[in-house]
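[1] here is the input, now give the coordinates:
(one chain, ligands or ions: 1)
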Amino acid sequence: MPDHAPIDWSRRLSPAALRLSASDIREILKVTEQPSVISFAGGLPAPELFPVQALQEAAARVLQQDTAVQYSTTEGDPALRRWIGGHAGVTPDHVQIVSGSQQGLELVCRLLVAPGGAVVVENPTYLGWLQVCQFGGVRTVPVATDADGILPDALDEALSAGDISAVYLMPNFQNPTGRTTSLERREAILELAIRHGVPLIEDDPYGELRFRGEPLPSLHDLAIARLGDPDASPVIRLGTFSKILAPGLRVAWVLGPAPFIDRLTLAKQAADLHTSTLAQRLAVELLPIVPEQIAKVTAAYGERALALEDALDAAFGDRLVRTRPDGGMFTWLELDGPVDAAALLPAALEAGVAYVPGSAFHAVEGEGRSALRLSYSCATPAEIHEGIGRLAPVLRGALTAAA
Ligand SMILES: Cc1ncc(COP(=O)(O)O)c(C=O)c1O
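    Below you'll find the model as predicted:
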């Protein structure tokens, strides 16, 4: 037996560590791993669409060179940076490769916002960004949204109150609502960012996955078109291979003005030296199949999204307010009346179906209770119909009880 007491971690951990909290919902949703549960909860891409064979062949080629497992430069693989920069109309100096856009978000947040500082978020917003902010001691200021995205007047008001270090947005097929910010709104948001001199963090993991309607220019594109110089742009844009190739590669990128990217490279060096050399080489090898991979994933998600729309129409008609996404992986339901989606989750799981309660995506405790997020990416159309068949009586019962 040691003759000294074990460390009391609650006294040794930093304030940042103590701010982190486990999510109750994540604990409850662990049961969704059981095959009997049809899960609309996870935000995972469909595994049967991963380009596994192409990855196997690429790995065999790439591993013929020992440099594939050597340290490499912090900025990222030159071929990858050229390809990404080329698609965004900028030079490789405007591109930093990161280990997943989640790492990009963490580093961008640290570079732009001091502990105690504040960022504007769409209400609701991405849970992973709320976690980054919680860890960094950053306040999130939720701004109201409608079907076309964040409300410009409300954004102007939040920015006029001062003290905002950045605005975090997902203009395409937003997580959790599936909504897309209209072109007019994008222009208004950019105008406000320029006027107030505040950076826009444009997080776009789903933009390529459009199954309906016409693609819209990114905030990054609009800023460069308007200002003529990538280094004058207020936009920092994140993209990723997670939803079009495979998330386990952890290869993503940040685009922004060169002076910002230079700082980001230094931050990245402190964080992990560089993104996995091997994963980046695999991504480079897979670049030629990216267009067909996007087409394959988009077609599958489009079919699943429509199956979900049909199943919800059949079960609820117009008794339920919901989004009709044009791409991505998520639909958002709003229940009419004082119904708590988190409280209903055990009954839904009992019925063999899972979702994420809307409160998880709100910065303010108590908001979003009557909403829920459904992800359709990982269920076949038949499973989607079966899953909504299980969920409908649970929701209908709660709506009737609340009426
Ligand atoms: C909005 C948003 N941003 C970032 C991420 C993280 O993606 P990555 O796998 O590139 O880290 C996700 C993942 O679900 C997401 O939904």
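
[2] for the ligand, what are the nearby residues on the stretch 201-350 of the chain?
    Neighbours of the ligand within the stretch 201-350 of the chain, by Cβ under 6 Å from any ligand atom: 203, 205, 240, 242, 247, 252. Any C-beta I mention is one placed from the backbone N, CA and C, and that applies to glycine too.

[3] buried members of those residues into PyMOL, please.
    Here is the PyMOL command that picks out the buried ones among these, judged by 16 or more other Cβ atoms under 10 Å:
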select buried, resi 203+205+240+242+247+252
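
[4] and which of the residues of the stretch 201-350 of the chain next to the ligand is nearest residue 42?
    residue 247 (11.3 Å; Cβ to Cβ).

[5] circling back: ok, of the residues of the stretch 201-350 of the chain next to the ligand, which one's closest to residue 8?
    residue 247 (36.9 Å).

[6] need the pLDDT of residue 1.
    As predicted, residue 1 sits at a pLDDT of 63.

[7] in contact with the closest residue to the ligand within the chain, which residues?
    The chain approaches the ligand most closely through residue 100 (2.9 Å), counting by Cβ to the nearest ligand atom. Neighbouring residues of residue 100 by Cβ atoms under 8 Å, 6 or more residues apart in numbering: 240, 242, 247, 250, 251, 252.

[8] for the closest residue to residue 139 other than its chain neighbours, list each beta-bridge partner.
    Spatial nearest neighbour of residue 139, chain neighbours left out: residue 118 (4.2 Å); criterion: Cβ to Cβ, 6 or more residues apart in numbering. When assigned by DSSP bridges, residue 118 has beta-bridge partners residue 139, residue 164.

[9] and for residue 118, the neighbour number?
    19 (other Cβ atoms under 10 Å).

[10] state the distance from it to residue 112.
    For residue 118, the distance to residue 112 equals 11 Å [Cβ to Cβ, to the nearest Å].

[11] wait, isn't the residue nearest to residue 139 in contact with residue 137?
    No - contact criterion Cβ atoms under 8 Å: residue 118 and residue 137 do not qualify, at 10.7 Å.

[12] can you pull the buried residues of stretch 260-269?
    Buried, per 16+ other Cβ under 10 Å, within stretch 260-269: 260, 261, 264, 265, 267, 268.

[13] same question, stretch 392-400
    Quick answer for stretch 392-400 (16+ other Cβ under 10 Å): 392, 394, 395, 398, 399.

[14] which stretches of the stretch 1-150 of the chain aren't confidently modelled?
    In the predicted model, the stretch 1-150 of the chain carries pLDDT under 70 at residues 1-2, 24-25, 28.

[15] if we use 80, what do you get?
    1-2, 22-33 (pLDDT under 80).

[16] where do the strands of it begin and end?
    Assigned by DSSP state E, counting those that start in this stretch, the stretch 1-150 of the chain shows strands spanning 38-39, 95-98, 118-123, 139-146, 149-150.

[17] adjacent strands (with direction) for the last one?
    So the one you mean is strand 149-150. Going by DSSP bridges, the partners of strand 149-150 are strand 139-146 (antiparallel).

[18] most tightly packed of the strands of the stretch 1-150 of the chain?
    Highest mean neighbour count of these: strand 95-98, a mean of 27 (counted as mean count of other Cβ atoms under 10 Å).

[19] next one: it to chain centre, how far?
    17 Å (Cα atoms, centre = their mean, to the nearest Å).

[20] helices and strands around it, which ones?
    On a contact count with 3 or more Cβ pairs under 8 Å, 6 or more residues apart in numbering; DSSP states H and E, strand 95-98 meets helix 78-88, helix 101-112, strand 252-255, helix 258-272.

[21] do that again at 6 Å, thanks
    Counting by 3 or more Cβ pairs under 6 Å, 6 or more residues apart in numbering; DSSP states H and E, the packing neighbours recorded for strand 95-98 are helix 78-88, strand 252-255, helix 258-272.

[22] and the pLDDT at the nearest residue to residue 256 once chain neighbours are set aside?
    Excluding its sequence neighbours, the residue lying closest to residue 256 (Cβ to Cβ, 6+ apart) is residue 236, at 4.1 Å. pLDDT, residue 236: 98.

[23] distance check, residue 198 against residue 141.
    12 Å.

[24] so what's in contact with those two at the same time?
    Taking Cβ atoms under 6 Å, 6 or more residues apart in numbering as the contact rule, residue 198 and residue 141 have no neighbour in common.

[25] just to revisit the earlier point, nearest to residue 344, of the helices and strands packed on strand 95-98?
    Closest among those, using Cβ to Cβ: strand 252-255, at 34.6 Å.

[26] what strands flank that closest one, and is each parallel or antiparallel?
    With DSSP bridges as the test, strand 252-255 pairs up with strand 95-98 (antiparallel), strand 235-240 (antiparallel).

[27] who's in contact with that strand?
    Contacts for strand 252-255 (Cβ under 6 Å, 6+ apart): 84, 88, 94-98, 100-101, 104, 220, 237-240.
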